[in-house]
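# Okay, predicted coordinates and the sequence, questions at the end:
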Amino acid sequence: MLDGYPNRSYFRVALAVFFTFIACYSFFACRTIYGGDSGDLVVAAYKWGIPHSPGYPLYTILGALWIRLFRFGVIAWRMNLFSALTSAATLAVLFLALSETTRKLVPSLISTLCLGFAYTFWQFSQVAEVFSLNNLFALSLFYSLLVWRRDVVAWANNYSGNTDSLNIWKVFNIKHFSRVCLLLGLSVAHQQMIVLFFPAYGYIFLTTLSEVIRRIGGLKATWRVILVNRQDAIRSTCRLLLFLLVGPTLYLYHLIVTRAGSAYLWRPVWSMTDLVAVFLRKEYGTFSIAREIGQIWEVQRRYFQVYPHFLLVNFSALGGILALIGFVVGVFRQKIVNTACSLAFLFSGLLFLLFASIPFDSLFRLGMLEKFALSSLTMVPFWLALALSWLQDQVGVKPVMLMFILPAFLFFSNVSKLDLRNVTQGADLAEDILLPLADDAIVYLNGDDVVFNSLYLQEVESVRPDLKLIYGDGLRLRHRLQLLYKRDSSLVLPEGLGQDHFLIGFIRGNIDRYPIYSTLVFPDLGDGYTFVPRGYMYEILPAVELPPLDEIYGDFISVMETSSYLQSYDKDFAYPAQIKSMMAYYQNAYKRAAHFFINVDKSKSLTLFEKAIGIWGDYESVLNLGNLYAERGECGKAEDYYREAQNYAGGQAEKIIRNLYVLYRDCYQDEGRAKGFLEELEASGH
């Protein structure tokens, strides 16, 4: 233990931690746009705009300043480095917080390194996302409250009992608590997930307050002191409120850039009503995600298995054991810190995931799970440090130094997986979408990776500036179309149509003027139009202008076979879930093309479904392959696909049994086996 804490040696180590990790994360950072929300956030910073709700005003302002001050490399890489910077600062603050808790350097350093090399924390330290800055605020507030508590409790322990000499400013260390309020307000101006840490912060604050009140002589005595020092108390309260409100006032940025005519507004904010809607994320239904608790219990209960596995992936089995030991040690040796960590861990981890109830139906959802559970990982090092601190008390510091093997293991386990220098799939996806399209086309986009990365390539890197990219619905769509109309007044904007039909009216009004593409099919457009597969996109054409089927098929295959994403995808590389999930866009492209041909050219449809399952298998594609082979009289192949479909069937197994019954009855002409399947259906009640 180092006496006289805090001393300079701790801060030197914290500085070394900062520079070590900023070098590590910067070296391995993604060199271009990534996935998820990255494109949206980068474009907003580049254009002084507003990203998706809640708009992240602090992140956008800091990002905009950063990319203008740090003028090396492409814009996306600069914003990726911004995450590296904030994550490195987070780890430096974590080391100081752990040192504040344990007063031991080696346990604090080992535990800090464990978080730094944890898979999920490391991943989001190398891409443009909001989570690294949120982690910095979460731990900075935690550390600041611990320091504030230390000073206030030290005063309480030395209090002589003379209330006449009490000074509110000194008793509650208002100068330091002002910094806490400033950090708290700024954190709210960044991301609302910080509220998940409020129970922990509140616990530290209230337990500290109760100790001061107890030392003064109870609530009545404390109230008398406040009345005697009421002017000082009023000044202190006003100071704290002013510091607290600095952060929330940054939301006025949304109003300012909207009225200034920013070139990128995910949603324009013209009024305080709009501002409240953005802040509360009303378009996402954030505060009504888990209303139907009974209906989503099947999803929620899986978190009790998935979340512990998530923790083990990040800290290993040894880390998990140490964390459990640290929790027990904390119950007896560090009750306040242990309880605060437990509250933060519980609310930002399992409870939040249960509230959000993200279904496990795709790799994209798994990527969301990683992002949303990330902040809970920041509490685990406190338990690691408590366990190692206790161990150092038992056996000395040298044996504890052997535990550096844990962060070393995490580093070597993850370094090859998180070397994102050559991961270009985010930009490749956007190129595959934009480059094959006809000149001056209108393009309706849907899906985060598709929309955000395409906007990044066009708005920041000037790829296909001729295209008119539109997205969203309602206010967002109208604003985007009005912005495009200012650039090209020949666009026809519909008048007097309801929100649901505004896009339909826009397509109808412009289809004779521009090529129009969409990621979605719009049944309300009517029978007079056909959605022709063109790579990932559909081209919307009047039915009378449909090209020859062979031409459509040849063009589609040409686009898919020259895909930058598919060509650069390394099957031997362990891509993060967000990058892997983009493969679904290509599988869906093959499936949609297969459905286009299924009633007009079954041979082409069969080939396309086979290409779809070549990316990865799914129930719909495999079942359709079974049906197509059955129609061709290839009974064996049909049965193989029906059997394979059982692996993906879920609650639809009876449909496969029915298909097998028909297959044996009509294709094999085996009435005995067919009867067996029929009896199986009847026994199951179908």
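Great, that's in hand. Numbers count the residues shown, from 1 in each chain.
# so residue 326 touches residue 391, yeah?
No: if you go by CB atoms under 8 Å, residue 326 and residue 391 don't touch, sitting 9.7 Å apart. All C-beta atoms are positioned from the backbone trio N, CA, C, and that covers glycine.
# The two: which has the busier surroundings?
residue 326 (29 against 19; other CB atoms under 10 Å).
# Tell me the confidence at that one?
Predicted confidence (pLDDT) for residue 326: 97.
# distance between the helix or strand it falls within and the chain's centre?
Assessed by DSSP states H and E, residue 326 sits inside helix 303-333. Distance of helix 303-333 from its chain centroid, counting by CA atoms, centre = their mean, to the nearest Å, is 23 Å.
# can you state the direction angle for the following helix or strand past that helix and helix 303-333?
As assigned by DSSP H and E, the chain's next helix or strand after helix 303-333 is helix 335-346. Counting by axes from the mean of the first three to the mean of the last three CA atoms, to 10 degrees, helix 335-346 points 170 degrees away from the direction of helix 303-333.
# Helix or strand next in line after helix 335-346, which one?
Moving toward the C-terminus from helix 335-346, the next helix or strand (DSSP H and E) is helix 352-356.
# what residues does that following helix touch?
Identification of contacts with helix 352-356 by CB atoms under 8 Å, 6 or more residues apart in numbering yields 193, 196, 289-290, 300, 303, 307, 369, 372-373, 376.
# just the buried members of those residues?
193, 196, 300, 303, 307, 369, 372-373, 376 (16 or more other CB atoms under 10 Å).
# mind listing the strands for the stretch 351-500 of the chain?
Remark: strands assigned in the stretch 351-500 of the chain by DSSP state E, counting those that start in this stretch are 442-445, 468-471.
# For these, state which one has the densest average packing.
Here the criterion is mean neighbour count by mean count of other CB atoms under 10 Å, and of these the winner is strand 442-445, at a mean of 24.
# Run through the neighbouring helices and strands of that one.
Judged by 3 or more CB pairs under 8 Å, 6 or more residues apart in numbering; DSSP states H and E, strand 442-445 is in contact with helix 425-434, helix 448-459, strand 468-471, helix 502-510, strand 516-518.
# ok and whichever helix or strand comes after the last one relative to helix 502-510, angle-wise?
Right, strand 516-518. Counting by DSSP H and E, the next helix or strand C-terminal to strand 516-518 is strand 529-534. Interaxial angle, strand 529-534 versus helix 502-510 (the same axes, to 10 degrees): 90 degrees.
# Relative to residue 577, how far out is the most centrally placed residue in the chain?
Note on the chain: the residue nearest the mean C-alpha position is residue 371, at 4.0 Å, using CA atoms, centre = their mean. Going from residue 371 to residue 577 by CB to CB, to the nearest Å gives 10 Å.
# Check residue 203 too.
Counting by CB to CB, the gap from residue 203 to residue 577 is 34 Å.
# again with residue 338
Taken as CB to CB, the span from residue 338 to residue 577 is 32 Å.
# Just list the residues touching the nearest residue to residue 153 once chain neighbours are set aside, thanks.
Once flanking residues are discounted, residue 153 sits nearest to residue 211: 5.9 Å by CB to CB, 6 or more residues apart in numbering. Going by CB under 8 Å, 6+ apart, residue 211 touches 152-153, 156.
# list the contacts for the spatially closest residue to residue 490 that is not a sequence neighbour?
Leaving aside its sequence neighbours, residue 490 sits nearest to residue 513 (CB to CB, 6+ apart; 6.7 Å). Counting by CB under 8 Å, 6+ apart, residue 513 touches 490-492.
# Least confident of the buried ones among the contacts of helix 352-356?
Within the buried ones among the contacts of helix 352-356, residue 300 has the lowest pLDDT, namely 73.
# Tell me how many other residues crowd the closest residue to residue 434 other than its chain neighbours.
Nearest non-adjacent residue to residue 434, counting by CB to CB, 6+ apart: residue 464, 4.4 Å away. Look at residue 464: counted by other CB under 10 Å, it has 20 neighbours.
# Which is the succeeding secondary structure element to the helix or strand residue 90 falls within?
If you go by DSSP H and E, residue 90 is part of helix 75-102. Later in the chain than helix 75-102, the nearest helix or strand by DSSP H and E is helix 105-116.
# quick one: contacts of that following helix?
2, 9-10, 13, 17, 21, 24, 87, 91, 94-95, 98-99, 101-102, 121-122, 315, 319, 377-378, 380-382, 384-389, 391-392, 397, 400-401, 403-404, 406-407, 410.
# Pull the CA coordinates from that helix and hand them back as CSV.
Output of helix 105-116 as CSV, limited to C-alpha atoms (Å, rounded to 0.1, in the frame of the first residue of the first chain):
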residue,chain,number,x,y,z
LEU,A,105,-1.5,0.0,-7.1
VAL,A,106,-1.0,-3.5,-8.5
PRO,A,107,-4.6,-4.7,-8.0
SER,A,108,-5.9,-1.5,-9.5
LEU,A,109,-3.6,-1.7,-12.5
ILE,A,110,-4.4,-5.4,-13.2
SER,A,111,-8.1,-4.7,-13.0
THR,A,112,-7.9,-1.7,-15.2
LEU,A,113,-6.0,-3.7,-17.8
CYS,A,114,-8.7,-6.4,-17.7
LEU,A,115,-11.4,-3.9,-18.8
GLY,A,116,-9.1,-2.4,-21.4
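# Name the residues of it that are buried.
For helix 105-116, by 16+ other CB under 10 Å, it's 105-116.
# contacting residues for the nearest residue to residue 606 once chain neighbours are set aside?
Excluding its sequence neighbours, the residue lying closest to residue 606 (CB to CB, 6+ apart) is residue 628, at 4.6 Å. Counting by CB under 8 Å, 6+ apart, residue 628 touches 598, 602, 605-606, 609.
# in which helix or strand would I find residue 628?
Counting by DSSP H and E, residue 628 is part of helix 619-631.
# now that helix: mean pLDDT?
For helix 619-631, mean pLDDT is 94.
# next helix or strand past it?
helix 635-645.
# who does the next helix or strand after that next one touch, helix- and strand-wise?
Next helix or strand after helix 635-645 toward the C-terminus (DSSP H and E): helix 653-662. Applying 3+ CB pairs under 8 Å, 6+ apart, one finds that helix 653-662 contacts helix 619-631, helix 635-645, helix 671-683.
# try 7 Å this time
helix 635-645, helix 671-683 (3 or more CB pairs under 7 Å, 6 or more residues apart in numbering; DSSP states H and E).
# Could you tell me the least trusted of the ones you listed?
helix 671-683 - the lowest mean pLDDT of these, at a mean of 83.
# And that helix, what does it pack against?
Counting contacts by 3+ CB pairs under 7 Å, 6+ apart, helix 671-683 packs against helix 653-662.
# Show me the shaky parts of this protein.
Low-confidence segments of the chain, defined by pLDDT under 70: 1-6, 160-169, 284-299, 360-361, 496-500, 651, 684-686.
# I figured residue 451 hits residue 471, correct?
Yes: Residue 451 is in contact with residue 471 according to CB atoms under 7 Å; the separation is 4.8 Å.
# which neighbours do those two share?
Shared contacts of residue 451 and residue 471, defined by CB atoms under 7 Å, 6 or more residues apart in numbering, are found at residue 445.
# returning to that earlier point: format the contacts of helix 352-356 as TSV; extra columns: distance to residue 233.
Formatted as TSV, those follow (distance: CB to CB, whole Å):
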residue	distance to residue 233
193	33
196	31
289	41
290	41
300	46
303	45
307	44
369	46
372	40
373	41
376	37
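# Run a quick neighbour tally on residue 256.
12.
# how close does it get to residue 431?
Taking CB to CB, one finds residue 256 at 34 Å from residue 431.
# Residue 584 sits in which helix or strand?
Counting by DSSP H and E, residue 584 is part of helix 583-597.
# tell me the angle the following helix or strand past that helix makes with strand 529-534.
Downstream of helix 583-597, the first helix or strand assigned by DSSP H and E is helix 602-615. Per the same axes, to 10 degrees, the angle that helix 602-615 makes with strand 529-534 is 50 degrees.
# please renumber so the chain begins at 291
Yes, from this point I'll number from 291; that puts the last item at helix 892-905.
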